[in-house]
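Asks: Give me coordinates for this.
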Amino acid sequence: MSEPKRHDPVPSRQPAAGGIGARAMAARAGNMPFGHELNPEQREAVETLDGPVLVLAGAGTGKTRVLTTRIAHILTLGRAHPSQILAVTFTNKAARQMKERVGTMVGHVVEGMPWMGTFHSIGVKILRRHAELVGLKSDFTILDVDDQVRLMKQLLEAEKLDEKRWPARMLAGLIDGWKNRGLTPDQVPAGEAASFANGKGRKLYQAYQDRLKTLNAADFGDLLLECIRLFRQHPDVLRQYQSRFKFILVDEYQDTNVAQYLWLRLLSQSAPSPSPASPLRGSAPSPTGGEGEESARHTPLPSPLVGEGGSPERSEGEPGEGVSLEDTWDAPEKSAPHPDPLPASGEREQAASGAREQKNICCVGDDDQSIYGWRGAEVDNILRFDHDFPGAKVIRLERNYRSTGHILAAASQLIAHNEGRLGKTLRTEDEDGEKVQVTGAWDSEEEARAIGEEIEGLQRAARERGEDHPLDEIAILVRASFQMREFEDRFIQLGLPYRVIGGPRFYERAEIRDALAYLRVIAQPADDLAFERIVNTPKRGLGDATVQMLHDYARKQRIPMTEAADRISATDEMKPKARGALRGLMDNFARWREQKDKLPHTELAEIVLDESGYTEMWQKDRSADAAGRLENLKELVKSMEQFENLQGFLEHISLVMDTDRGEQEQSVNIMTLHSAKGLEFDTVFLPGWEEGLFPHQRSLDDQGRAGLEEERRLAHVGLTRARRRAKIYFAANRRIHGLWTSNVPSRFLDELPEQHVEVKEAAGGTGGFGMSGYGPSRFDEMGAFGSSYSTPGWQRAQARKGKGGFSENGAPYGKTGRRGGPDGDTPDGVFDQRDEYDEDGHGGTTASPLPLGERDRERGGRAHGAARAPKRAPLTIEGELIAKSTGTASAYAVGDRVFHLKFGNGNVTAVDGNKLTIRFDKAGEKRVVDSFVERV
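Replies: Next comes the predicted model:
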């Protein structure tokens with residue numbers, strides 16, 4: 001096929017300075033119909049259309065308005081057709097909002113913008129057009145995470161690798177991390193390749209990529225990696241897209257990773273001549289279309305909080321090979337404590353050398369809000385914009401339209417302690433408002449209680465002024481998800497509606513439901529739903545067929561599934577491996593039930609999670625959220641301490657899970673700081689500002705100064721979410737990783753400006769820092785227990801006095817309605833919480849566990865018969881008594897001829913209750929349940 005006729009390109013031209021065209025354009029721009037609300041900096045960012053532009057947009061400065069108005073301005077001036085604008089966002093939601101806002105300015109012309117979307121949605125559109133050039137077909141499949149893991153398990157099995165030692169999810173994380181950094185299998189540094197399966201990491205990566213091509217599939221990382229390879233190996237395709245896009249706009253540029261950076265850099269150059277003398281490094285194709293000499297050298301780059309595969313836990317890889325960061329980037333002030341490979345200086349320097357004319361690219365972002373290093377984002381991409389694009393114009397948007405003066409001043413001085421930033425100072429022309437409030441609490445329970453009371457106080461004060469403070473405009477932003485549990489429990493007690501954004505509520509999380517299912521089966525063996533949930537969690541080889549067998553037998557015999565499992569696992573009905581696994585599980589449950597009345601329920605829960613293998617399952621899981629799930633399990637065990645026994649805890653959980661609400665109901669928002677980016681609220685509570693939690697110790701250990709600076713950026717994001725009030729809390733005592741720790745306030749508190757901060761005592765006068773030197777202890781004044789609060793929660797508690805609640809002086813009631821310990825006296829400040837259920841089933845409310853010594857004495861008394869729990873009546877289901885024996889007497893006798901669906905014909909040789917020993921004609925001797933056979 002002959003080559004299409006090529007024409008010499010006509011050079012583009014701008015109107016001559018001072019000419020009619022230039023004057024007409026200036027007059028048209030001056031009458032921009034949608035620009036009258038822009039401030040001078042915003043207007044400059046919108047009207048500066050030629051060349052590279054970096055818009056440093058601080059929090060609340062109108063970043064989205066600038067981006068959308070700029071697109072509308074380009075279209076209004078006729079500088080480009082809608083199809084000649086590439087607008088890249090990070091989420092589909094942001095892309096939809098951008099298109100809607102541009103549409104309101106310029107009308108339906110926005111529908112002709114096919115290149116507005118996320119990095120990956122645009123990448124897949126390009127790949128489908130040129131799939132054959134990267135070894136795919138245009139209808140290729142995009143694999144999800146489960147499919148990727150399943151494929152990697154096959155590869156590990158083919159290499160005869162132990163999947164328990166080298167989990168498939170860990171390999172998936174490594175490969176995803178390499179793809180986020182733009183590394184093909186041959187580019188992975190030897191040190192990193194050796195970190196998995198004794199050096200087989202690179203080989204497995206290559207085998208995985210080969211398998212994807214065979215399956216005509218790509219994973220999420222390939223959508224950009226294969227685009228980069230396409231552009232490098234086929235310069236004609238690259239030139240096609242470089243010529244197509246006259247304007248490139250990028251939102252949230254500070255969150256780009258290395259692959260996204262490379263993808264943008266390739267597209268952001270004007271189409272070069274096809275001369276082979278000056279190709280991009282690694283892009284010169286071989287005569288056969290091969291990759292040629294690809295860039296194998298990489299410069300080390302500090303990567304805050306990013307481990308392999310985006311894991312927030314640690315960086316697994318070894319330092320990359322090549323030139324040092326200081327030599328390559330001319331940035332001696334930047335150190336690289338944890339280097340990551342990035343294409344070497346050749347591509348950066350050549351692309352930025354000025355040999356090519358720069359495209360009209362505009363990147364909007366905020367280096368002070370780069371908080372996603374743990375998933376591969378490189379803040380250095382925005383810090384080096386003017387180096388990568390010589391002559392770039394940097395426009396700072398510093399006027400904030402969201403927060404009050406005190407909040408902005410506090411946030412600006414805090415972030416000023418970061419060295420790795422371009423620098424800007426947020427300001428507002430509005431009132432100063434309330435100062436940032438800092439409050440200390442004794443422990444995390446008091447922290448939750450104080451915040452709950454303050455929320456009620458805000459609503460009450462608003463009502464007194466004849467106003468309203470909607471719950472939707474209140475947010476609690478935590479550093480780690482395990483902090484949410486105490487707020488959820490407290491709000492349920494107060495009857496305060498809440499919602500968890502960015503994930504399920506604490507007791508609705510999968511790992512919590514699994515753990516609760518184990519405890520429910522221990523407390524109530526007839527709980528079939530709980531048993532079915534965990535019978536094969538973690539994996540025990542008990543598949544759907546086994547569960548169906550248990551279901552069928554349990555329904556036929558009208559017994560719980562646990563009893564059905566006990567009976568069937570004592571026979572030969574199942575295959576030996578499955579039978580052994582089921583027998584082991586039932587033996588575990590029997591042992592745990594024996595320990596239930598002998599051990600504290602918190603200790604029992606830890607034993608169950610360990611011996612069942614559930615904790616080990618998450619310890620081996622190398623996904624990014626595995627560490628958080630383990631923290632949640634520890635938080636669950638901690639939450640059990642305030643209940644005297646397992647039954648009381650499970651009853652509380654059933655009430656918690658039953659509290660449902662309509663989606664339209666106003667609710668307090670609870671979320672992590674990472675989830676809050678882009679949102680804003682009138683009042684923001686920031687609990688947990690303590691060393692080790694915020695800044696998080698793992699960030700400091702793994703990334704050093706880079707990790708600290710990202711944590712400080714996260715604090716800046718938290719403060720700037722608040723419009724009117726920002727309230728910071730910290731606790732002197734908090735349990736982290738299962739251990740109580742005495743905490744010191746976060747270093748970030750000392751970095752706040754004193755003139756913009758107010759230090760406030762915790763509600764109720766329980767500041768709780770007497771022993772730590774931060775204020776009076778709540779035990780210094782015992783009258784605190786008799787304080788009368790005016791909050792609705794306290795009033796409801798007062799209304800319940802005498803019913804297992806509090807006495808007139810605020811002391812808790814004991815079983816006899818008076819304070820008393822074993823000798824009739826309880827030391828001041830110690831609650832006597834030993835209420836038991838009476839023989840008639842009634843009893844007081846338990847609010848917290850016994851002190852450790854009293855719990856031991858209590859258990860000792862029970863062990864010697866001093867205090868026995870009431871006997872429970874036999875359990876019945878649908879009116880029929882559940883037998884405690886192995887079963888009723890069988891209708892079969894020794895010598896009977898019977899038929900079994902699986903084993904065939906045989907003769908009964910022994911009878912034990914409802915279990916038969918049968919010598920089958922072909923299968924030999926087996927033990928079966930009599931309901932599985934019939935007479936011949």
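
Asks: Relative to Asn257, how far out is Ala392?
Replies: Here Ala392 is placed at a distance of 21 Å from Asn257 (CB to CB, to the nearest Å). From N, CA and C alone the C-beta is placed, and that goes for glycine too.

Asks: quick one: which of the two has more around it?
Replies: Asn257 (26 against 18; other CB atoms under 10 Å).

Asks: ok, that one - contacts?
Replies: 180-181, 375-378 (CB atoms under 8 Å, 6 or more residues apart in numbering).

Asks: Excluding covalently adjacent residues, which one is nearest to it?
Replies: Excluding the flanking residues, the one nearest Asn257 by CB to CB, 6 or more residues apart in numbering is Gly376, at 3.9 Å.

Asks: I'd like to know the average pLDDT value across stretch 756-764.
Replies: Mean pLDDT, stretch 756-764: 80.

Asks: State whether the residue nearest to Asn257 and Gly177 are indeed in contact, as I suppose.
Replies: Yes: in this structure Gly376 lies within contact range of Gly177 using CB atoms under 8 Å: 6.9 Å.

Asks: so who does Val109 touch?
Replies: 75, 82.

Asks: State the phi and psi torsions of it.
Replies: Main-chain torsions, Val109, degrees, to the nearest 10: phi -60, psi -20.

Asks: mind checking how far it is from Phe247?
Replies: 15 Å.

Asks: How about Val438?
Replies: 46 Å.

Asks: Likewise for Leu630?
Replies: 47 Å.

Asks: what element comes up after the strand or helix carrying Arg591 heading to the C-terminus?
Replies: Here Arg591 sits within helix 576-596, counting by DSSP states H and E. Once helix 576-596 ends, the next helix or strand along the chain (criterion: DSSP H and E) is helix 601-611.

Asks: Packing partners of that next one?
Replies: helix 510-523, helix 576-596, helix 614-620, helix 626-639, helix 646-658 (3 or more CB pairs under 8 Å, 6 or more residues apart in numbering; DSSP states H and E).

Asks: run the last query once more with 6 Å
Replies: If contacts are counted by 3 or more CB pairs under 6 Å, 6 or more residues apart in numbering; DSSP states H and E, helix 601-611 sits against helix 626-639.

Asks: now the helix it packs on and helix 601-611, what's the angle there?
Replies: 150 degrees (axes from the mean of the first three to the mean of the last three CA atoms, to 10 degrees).

Asks: pLDDT on helix 626-639, on average?
Replies: pLDDT averaged over helix 626-639 gives 85.

Asks: now that helix and helix 510-523, what's the angle there?
Replies: Using the same axes, to 10 degrees: helix 626-639 against helix 510-523 is 40 degrees.

Asks: Kindly format the C-alpha coordinates of helix 626-639 as CSV.
Replies: Extracted in CSV, the C-alpha atoms of helix 626-639 (Å, rounded to 0.1, in the frame of the first residue of the first chain):
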residue,chain,number,x,y,z
ALA,A,626,-4.2,-4.5,55.1
ALA,A,627,-2.4,-2.5,57.8
GLY,A,628,-5.6,-0.4,58.4
ARG,A,629,-7.6,-3.6,58.7
LEU,A,630,-5.3,-5.0,61.4
GLU,A,631,-5.6,-1.7,63.3
ASN,A,632,-9.3,-1.9,63.1
LEU,A,633,-9.2,-5.4,64.6
LYS,A,634,-7.1,-4.1,67.5
GLU,A,635,-9.6,-1.3,67.9
LEU,A,636,-12.4,-3.8,68.1
VAL,A,637,-10.8,-5.7,70.9
LYS,A,638,-10.2,-2.4,72.7
SER,A,639,-13.8,-1.5,72.3
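
Asks: buried residues in that helix?
Replies: Buried residues in helix 626-639, counted by 16 or more other CB atoms under 10 Å: 626-639.

Asks: looking at the chain, which helix or strand is least sure?
Replies: helix 325-329 (a mean of 29; mean pLDDT, DSSP states H and E).

Asks: hey, C-alpha coordinates of stretch 374-390 in PDB?
Replies: Extracted C-alpha coordinates of stretch 374-390, given in PDB (Å, rounded to 0.1, in the frame of the first residue of the first chain):
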ATOM      1  CA  TRP A 374       1.700   6.700  49.500                       C
ATOM      2  CA  ARG A 375       0.000   5.900  46.200                       C
ATOM      3  CA  GLY A 376       2.800   7.100  43.900                       C
ATOM      4  CA  ALA A 377       2.200  10.900  43.600                       C
ATOM      5  CA  GLU A 378       5.400  12.900  43.100                       C
ATOM      6  CA  VAL A 379       5.300  16.400  44.600                       C
ATOM      7  CA  ASP A 380       8.600  17.100  42.700                       C
ATOM      8  CA  ASN A 381       6.600  17.100  39.400                       C
ATOM      9  CA  ILE A 382       5.100  20.500  40.400                       C
ATOM     10  CA  LEU A 383       8.100  21.800  42.200                       C
ATOM     11  CA  ARG A 384      10.200  21.400  39.000                       C
ATOM     12  CA  PHE A 385       7.700  22.700  36.600                       C
ATOM     13  CA  ASP A 386       9.700  25.800  35.600                       C
ATOM     14  CA  HIS A 387      12.800  23.600  35.100                       C
ATOM     15  CA  ASP A 388      10.900  21.100  32.900                       C
ATOM     16  CA  PHE A 389       9.300  23.900  31.000                       C
ATOM     17  CA  PRO A 390      11.800  26.800  30.600                       C
END
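
Asks: and it, how far from the chain's centre?
Replies: 24 Å (CA atoms, centre = their mean, to the nearest Å).

Asks: What's the mean pLDDT across that stretch?
Replies: 88.

Asks: Stretch 114-133 too?
Replies: In the prediction, stretch 114-133 has an average pLDDT of 93.

Asks: Same question for stretch 927-936.
Replies: Stretch 927-936 comes out at a mean pLDDT of 86.

Asks: try stretch 891-903
Replies: 88.

Asks: can you list contacts of it?
Replies: 905, 907-908, 916, 920, 923, 926, 930, 933-936 (CB atoms under 6 Å, 6 or more residues apart in numbering).

Asks: 7 Å instead, please
Replies: 905-911, 916, 918, 920, 923, 926, 928, 930, 932-936 (CB atoms under 7 Å, 6 or more residues apart in numbering).

Asks: Tell me the buried residues within these.
Replies: Buried subset of these (neighbour count, 16+ other CB under 10 Å): 906, 908, 911, 916, 918, 920, 926, 928, 930, 932-933.

Asks: about what we covered before: surely the residue nearest to Asn257 is in contact with Asn180?
Replies: Yes: assessed by CB atoms under 7 Å, Gly376 is found in contact with Asn180 at 4.0 Å.

Asks: returning to what we had before: can I get the contacts of Asn257 in CSV with secondary structure?
Replies: Listed next are those as CSV, based on DSSP: H, G, I helix; E, B strand; the rest coil:
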residue, secondary structure
Asn180, helix
Arg181, coil
Arg375, helix
Gly376, coil
Ala377, coil
Glu378, coil
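
Asks: neighbours around the residue nearest to Asp255 when sequence neighbours are not counted, how many?
Replies: Leaving out its chain neighbours, the residue that sits closest to Asp255 by CB to CB, 6+ apart is Ala377, at 4.6 Å. Look at Ala377: counted by other CB under 10 Å, it has 27 neighbours.
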